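*Asks:* sequence? don't have it. structure:
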């Protein structure tokens, strides 16, 4: 080439140097190679695009695992990735060794790698030897250290034996990775199989409950506490002739049996089996030994945690009732999930109590704290509540007596330690009449119930309440009465269902509302969906400290009247929804609650202006009752019809016989505009005298045609 002539294309230069070019996108799982790279991979020398599976089939499996490890390290260090790779033919024979150099980049949005690199044939190491471990990003030791750090973190986060085994099976060791794993434990004088990976169901049969005296490598490791390395099938057959027939059928070429030792005691054996020959050089033995030590510690921690969890769950569940026979005319579902971590027993509970009058009481509550004392107080309080309810007391009397009982237990203690650890409890008590759907509710510092209507609309039901139990022995607990219509479901729960996962009461409730509105299964499936939606995936599916979010106990009770949207019938939209609320003279703050209830009832109404008008008119009617009469007000709001053709009717009833009338207020008057506003904004309205008192109502129509007809 003469000076001044244009430079040749990059592809021509690489081809002249017998160097191929390739591009790999893990998002699309495609690998594109030019003609020279295709030739080096044993393919026809033309540019082509391969799937990851086809490209992987051309490479030695050990080297493929090393590529993954080196690429990850290169991205972390911002350097080039270099690795030697053995290219295989269709018969699994090594045809050449190539060197790959690439510059990887990571896309955090797609969580994928983009690599552009070169391939060039090298003469060392020779075919049949382990792949070279010389990389620009770090040598074999640096790759090993990175692997051990990742493995240690993953095993340290594993919370159960099942998760420990899953993490172990997913480990990709630098340069050599077993394709079969087994973890053996010890029970008496027998080997047990705790778990295995890379085997078919039933493969572990011959090895279960094997005597420790058996001439089998895992048994020898338990007896001696020393590792056993077997590089070839011939070594296995000559060293363990009795056990070789059991191992021969798996077609493995190398085995490592390592002791699982905790505090100087061998608790089992870890077997790593390889589908290709492994010499087990000092570096490889060092990696296997380190992993075995971490595995032993992880299994020991997981076993202790599972034992404690079983004790906790057993203690907690022994204090919880089993739901009795189904209530005629109603369906009930309940869930309880204990908190996680050691002996973190909690004070959440629920109960269902048959009453002397033929009704059913549903109780849910939460004693302060997460310890054995909280669980003990919970058990005693639950028994006391059941006793008071069985005597036939009304809900307010049941809670008053329970508060006095808990206050006497804690405040009257003679023990100084108990005096310094006073407890209280929140509680919600519901007396349900299955025949009519009437619910009488008394609340002691507990979250309000929620109602899912037959069409999926969800309303929080504010109820009158008093202090948590145990604070004031003379506290009063007013009762709120609501009616559960056919097809409606009531949810009551402890705060663990609402606030788990970093939520407060408001954001946690919005999360529950979404689950309730979108669920289309029966009552039992809804209970499962609520717990799963709050808990997130269990730790055995996803590693990490926040995967299993058992931060607080969770207790849930669902009560449903038969109808569409409840029981075995799937969710079907219904044309009617309603809400009822009383506003007493001494409770003017409930006007705001009534406005919020109406907005929730109209959550999918087509016109926001009509919603605002309805809320304004409701405020006027309720305020008129509170200001101009001495009576309490009762709100009844209904929505009827199909979407787009619905009628909204809002009615306020009071016991005063004074009928409202229109006035012409002056510009500075502070009242007198209520009926004027109703006449201007409502599609229809009226005043209806009753036997005792009166009701004033208005209607708004979603369809303009309905509004025109009413006019």
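*Replies:* All right, it came through fine. This one's a predicted model, so the numbers in the text were calculated from it and none came from an experiment. Residues are numbered from 1 along each chain as shown.
*Asks:* Skip ahead from the worst-scoring helix or strand of the chain on mean pLDDT and say which helix or strand is next.
*Replies:* Every helix and strand of the chain was ranked by mean pLDDT, DSSP states H and E. The lowest is helix 416-419, at a mean of 53. Of the helices and strands lying after helix 416-419 in sequence (DSSP states H and E), the nearest is strand 425-433.
*Asks:* So what's the residue count around residue 682?
*Replies:* Neighbourhood size, residue 682 [other Cβ atoms under 10 Å]: 22. Heads up, the C-betas are built off the backbone N, CA and C, glycines and all.
*Asks:* List the contacts of the spatially closest residue to it that is not a sequence neighbour.
*Replies:* With sequence-adjacent residues excluded and distances taken as Cβ to Cβ, 6 or more residues apart in numbering, residue 682 is closest to residue 698, at 3.7 Å. For residue 698, the contact set (Cβ atoms under 8 Å, 6 or more residues apart in numbering) comprises 614, 617, 649, 650, 678, 681, 682, 683, 684, 685, 686.
*Asks:* Quote the end-to-end distance of stretch 639-651.
*Replies:* In stretch 639-651, first residue to last residue: 12 Å (Cα to Cα, to the nearest Å).
*Asks:* Buried residues in that stretch, which are they?
*Replies:* By 16 or more other Cβ atoms under 10 Å, the buried positions in stretch 639-651 come out as 639, 646, 647, 648, 650, 651.
*Asks:* Show me what the fourth one is bridged to.
*Replies:* The reference is to residue 648. Following DSSP bridges, residue 648 is listed with bridge partners residue 639, residue 700.
*Asks:* Can you give me the distance of it to residue 687?
*Replies:* 18 Å (Cβ to Cβ, to the nearest Å).
*Asks:* Look up how far residue 460 lies from the closest residue to residue 495 other than its chain neighbours.
*Replies:* Using Cβ to Cβ, 6+ apart and skipping the chain neighbours, the partner closest in space to residue 495 is residue 447 (5.9 Å). Residue 447 is 9 Å from residue 460, where distance means Cβ to Cβ.
*Asks:* Would you check that my belief about residue 535 contacting residue 335 is correct?
*Replies:* No - look at residue 535 against residue 335 with Cβ atoms under 8 Å: they stay out of range, at 10.5 Å.
*Asks:* re the thing from before, more neighbours: residue 447 and residue 460, which one.
*Replies:* residue 447 (23 against 18).
*Asks:* Could you tell me whether that one really is in a strand?
*Replies:* No - counting by DSSP: H, G, I helix; E, B strand; the rest coil, residue 447 is not part of a strand but coil.
*Asks:* List the contacts of it.
*Replies:* Residue 447 neighbours (Cβ under 8 Å, 6+ apart): 426, 428, 492, 493, 494, 495, 498, 505.
*Asks:* who does the helix or strand hosting residue 506 touch, helix- and strand-wise?
*Replies:* Using DSSP H and E, residue 506 sits in helix 505-518. Contacts defined by 3 or more Cβ pairs under 8 Å, 6 or more residues apart in numbering; DSSP states H and E place helix 505-518 against strand 450-452, strand 458-460, strand 489-493, helix 495-499, helix 523-535.
*Asks:* which one of those lies closest to residue 629?
*Replies:* In terms of Cβ to Cβ, the element of the helices and strands packed on helix 505-518 nearest to residue 629 is strand 458-460, at 27.1 Å.
*Asks:* how far is the closest one from where the chain is centred?
*Replies:* 23 Å (Cα atoms, centre = their mean, to the nearest Å).
*Asks:* rewinding a little: please work out the angle formed by the directions of the helix holding residue 506 and strand 489-493.
*Replies:* Interaxial angle, helix 505-518 versus strand 489-493 (axes from the mean of the first three to the mean of the last three Cα atoms, to 10 degrees): 150 degrees.
*Asks:* Can you give me the buried ones in helix 505-518?
*Replies:* Neighbour-count burial for helix 505-518 [16+ other Cβ under 10 Å]: 508, 509, 511, 512, 513, 515, 516, 517.
*Asks:* tell me which residues in the helix or strand harbouring residue 622 are buried?
*Replies:* Using DSSP H and E, residue 622 sits in helix 608-628. Neighbour-count burial for helix 608-628, counted by 16+ other Cβ under 10 Å, picks out 610-611, 613-615, 617-626.
*Asks:* Tell me the helices and strands packed up against that helix.
*Replies:* Applying 3+ Cβ pairs under 8 Å, 6+ apart, one finds that helix 608-628 contacts strand 576-583, helix 590-601, strand 633-640, strand 647-654, helix 674-681, strand 694-701.
*Asks:* Of all those, which one is nearest residue 348?
*Replies:* Taking Cβ to Cβ, helix 590-601 is the member of these nearest to residue 348, at 27.0 Å.
*Asks:* what does the closest one rub up against?
*Replies:* Under Cβ under 8 Å, 6+ apart, the answer for helix 590-601 is 457-460, 462, 577-579, 581-584, 611, 614-615, 618-619, 622-623, 626, 635, 637, 639, 650.
*Asks:* let's see it at 7 Å
*Replies:* Helix 590-601 is contacted by residues 457, 459, 462, 577, 579, 581, 583, 611, 614-615, 618-619, 622-623, 635, 637, 639 when judged by Cβ atoms under 7 Å, 6 or more residues apart in numbering.
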